[in-house]
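> sharing a model prediction with you, sequence too.
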Amino acid sequence: MASLKEIRARIDSTKNTQQITRAMKLVSAAKLRRAQHNIVNMRPYALGLKRVIADIALTQKVSHPLMEPKTEIKKILLVVLTSDRGLCGAFNTNINKFTEQYWRANKSKVEKIDFFFIGRRGHDYFAKRGVKPVEYITKLDKDISYDLAARVADRLLKTYLSGEYDEIRLIYNEFKSAISQTVVCETLLPLDISNTSFGKEEGKAGFSVDMIFEPSPEQIVEQLLVKNFDLQVYRSMSESVASEHGARMSSMENATNNAKAMIEGLTLTYNKLRQEKITKELIEIVSGAEALA
Amino acid sequence: MFKLTVVTPERRLVLNQEIDEVTVPGFRGELNILPGHAPLITTLETGIMRWKIKGQAQEQVAVLSWGYCEVHPDGVEILADMADLPEEVDVQESQQALNLAEKRLLNESLDEENWKQVQREVARRRADLDIAKHKRV
């Protein structure tokens, strides 16, 4: 049995840990709020953009190389979004597992699968398995700006247009709520207009036919498609960051609760032990006095 | 009712505000839009946009960088990459960024994409400095 002093020390150290996890939870909660704010702020822009593309595509009947599906998919680029830091439950593990599964399942079917890592955790995991990424960026949680997303999107777009890849897929954690995130695997390119809620409101689509276009509708659609792609990347990044903070918040909440339960158990043992000791001493005194009498 | 909406991915600058007129940096130069303008869709370059809120004499300004503008009978809708308001411009920072970008234009051999980007940066920073001055007048 541990001595009283030892138990005391364990209680103290558990209390310290609890304090840290509680602080981390609060920090994550604040960051989560900001990330959520980001997502909400983006909504009017995203809606506007989608509506316009659908409208123009409907009335003007334009098409674009980015929208045309490839007949055969031989070369795939996987963009994997993880966090830089741990202590966020299964957040990174889920992504890594999913990616590895996908990789192992499809490796033999296609010519090559390349990786683009955003976040340190994913990179490190696959580095141990001998995967060399084509690109690798970190520190997403500190400055997630539209600017950064646009740069990433631009690079992806260029490699796609140069014909280096037939398909670009994105794997990230979708933000459902603060306590639930799901891994999703999306096809970024080629763009699938039909399936992404484009043209859902076909009934009331469009503007008058005599709309003035400056420059031509084709050029506008092209620019808008690129913007839409940027936005998609930005959205996934925001979702991933929000998910990370949500996951960290709930796992830190759990850790705080566990610490509390542990402290309660330890305190109980401590008190029992103390009581035992007192009883023992009392018995000794009483029996000593009896012997003298 | 002629309403203006300006949104970027990161923020909402103006939402359904009733206005008297708006001037935007259009693809072919400045474009002034009054109520009753013909329906129009255009892309925007980096530059300054101005608008007058209904019933106010004071003109509002902001810097936009790349955007898209749709004019319909009920108003104007603008989607931009970035928008800076005069009170948010840090003159020193903008000046530094401008100097750096100009130096790059002069000294480095940039490919077309980068060149465009740096050009855009120069235009944005210049416009930032312009509206920052506007604030003090």
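Received it, and whenever you're ready, just let me know what you need.

> how many neighbours does residue 23 have?
Looking at chain A here, since you left the chain open. 12 (other Cβ atoms under 10 Å in any protein chain shown). For every residue, glycine as well, the C-beta is placed using N, CA and C.

> that answer is for a different chain, and I need it for chain B
So B:T23, with other Cβ under 10 Å, has 18 neighbours.

> spell out which parts of chain B neighbour chain A.
Proximity of chain B to chain A, by Cβ under 8 Å from any Cβ of the partner chain, involves residues B:5, B:7-12, B:15, B:26-28, B:38-43, B:68, B:70, B:72, B:77, B:79, B:81-82, B:113.

> try 10 Å
Residues of chain B found near chain A (Cβ under 10 Å from any Cβ of the partner chain) are B:5-12, B:15, B:26-28, B:31, B:37-43, B:66-73, B:77-82, B:113, B:117.

> which of those count as buried?
With burial judged by 16 or more other Cβ atoms under 10 Å in any protein chain shown, the buried subset of the residues of chain B next to chain A is B:5-12, B:26-27, B:31, B:37, B:40-43, B:66-72, B:77-82.

> which stretches in chain B count as helices?
B:91-107, B:112-136 (DSSP state H).

> and the ones you listed as JSON lines, adding mean pLDDT and distance to A:R169?
What follows is those, written out as JSON lines (pLDDT from 0 to 100; distance: least, Cβ to Cβ, whole Å):
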{"stretch": "helix B:91-107", "mean pLDDT": "85", "distance to A:R169": "35"}
{"stretch": "helix B:112-136", "mean pLDDT": "79", "distance to A:R169": "24"}
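
> would you tell me which one of those helices is buried the most?
helix B:112-136 (a mean of 16; mean count of other Cβ atoms under 10 Å in any protein chain shown).

> report the inter-axis angle for it versus helix B:91-107.
On the basis of axes from the mean of the first three to the mean of the last three Cα atoms, to 10 degrees, helix B:112-136 is oriented at 150 degrees to helix B:91-107.

> helix B:112-136 packs against which elements?
helix A:146-161, strand B:47-53, strand B:59-72, strand B:75-84, helix B:91-107 (3 or more Cβ pairs under 10 Å, 6 or more residues apart in numbering or on different chains; DSSP states H and E).

> which residues of chain A fall in helices?
So, for chain A - with DSSP H - the helices run A:4-60, A:91-106, A:120-127, A:146-161, A:217-292.

> neighbours around A:R34, how many?
By other Cβ under 10 Å, the residues close to A:R34 number 12.

> which residues are in contact with it?
By Cβ atoms under 10 Å, 6 or more residues apart in numbering or on different chains, the residues touching A:R34 are A:I144, A:V241, A:A242, A:H245.

> how far away is the third one from chain B?
According to Cβ to the nearest Cβ, to the nearest Å, A:A242 and chain B sit 14 Å apart.

> what stretches of chain A score poorly on pLDDT?
Applying pLDDT under 70 to chain A flags the ranges A:1, A:58-63, A:140-143, A:192-210.

> so who does the residue nearest the centre of chain A touch?
The residue lying closest to the centre of chain A (Cα atoms, centre = their mean) is A:S240, at 2.9 Å. For A:S240, the contact set (Cβ under 10 Å, 6+ apart) comprises A:35, A:81-83, A:91, A:95, A:118-119, A:140-141, A:144, A:170-175, A:181.

> near chain B, list only the ones from those.
Applying Cβ under 10 Å from any Cβ to the contacts of A:S240, those adjacent to chain B are A:I144.

> buried ones only from the contacts of A:S240, please, as a ChimeraX command.
Selecting only the buried entries of these in ChimeraX, with 16+ other Cβ under 10 Å as the criterion:
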select /A:35,81,82,83,91,95,118,119,140,141,144,170,171,172,173,174,175,181
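
> which ones among the contacts of A:S240 are found in strands?
A:L81, A:I118, A:L170, A:I171, A:Y172, A:N173, A:E174, A:F175, A:Q181 (DSSP state E).

> can you tell me the closest non-neighbouring residue to the second one?
In this structure, A:I118 finds its nearest non-sequential neighbour in A:L81, 4.9 Å apart by Cβ to Cβ, 6 or more residues apart in numbering or on different chains.

> touching, that neighbour and A:A242? I think so.
No: A:L81 is beyond contact range of A:A242, at 11.7 Å (criterion: Cβ atoms under 10 Å).

> give the residues shared as contacts by those two.
A:N173.

> A:E284 and A:Y270, how far apart?
21 Å (Cβ to Cβ, to the nearest Å).

> looking at the two, which is more packed in?
Taking neighbours as other Cβ under 10 Å, A:E284 and A:Y270 compare with A:Y270 leading, 18 against 10.

> report how many residues lie close to the closest residue in space to the more buried one that isn't next to it in sequence.
Leaving aside its chain neighbours, A:Y270 sits nearest to A:I7 (4.7 Å; criterion: Cβ to Cβ, 6+ apart). Counted with other Cβ under 10 Å, the neighbours of A:I7 add up to 18.

> surely A:I7 touches A:L273?
Yes: using Cβ under 10 Å, A:I7 is in contact with A:L273, at 6.9 Å.

> domain parsing for chain B?
For chain B, automatic domain parsing gives the domain ranges B:3-84, B:87-136.

> how about those domains in CSV, adding distance to A:M252?
Shown next, in CSV, are those (distance: least, Cβ to Cβ, whole Å):
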stretch, distance to A:M252
domain B:3-84, 28
domain B:87-136, 34
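
> quick one, which of those domains is nearest to A:Y102?
Closest of these to A:Y102 is domain B:3-84, at 28.7 Å (criterion: Cβ to Cβ).

> averaged pLDDT, that closest one. What do you get?
In this model, domain B:3-84 has an average pLDDT of 87.

> and that domain, how far apart are its ends?
Start-to-end span of domain B:3-84 (Cα to Cα, to the nearest Å) is 20 Å.
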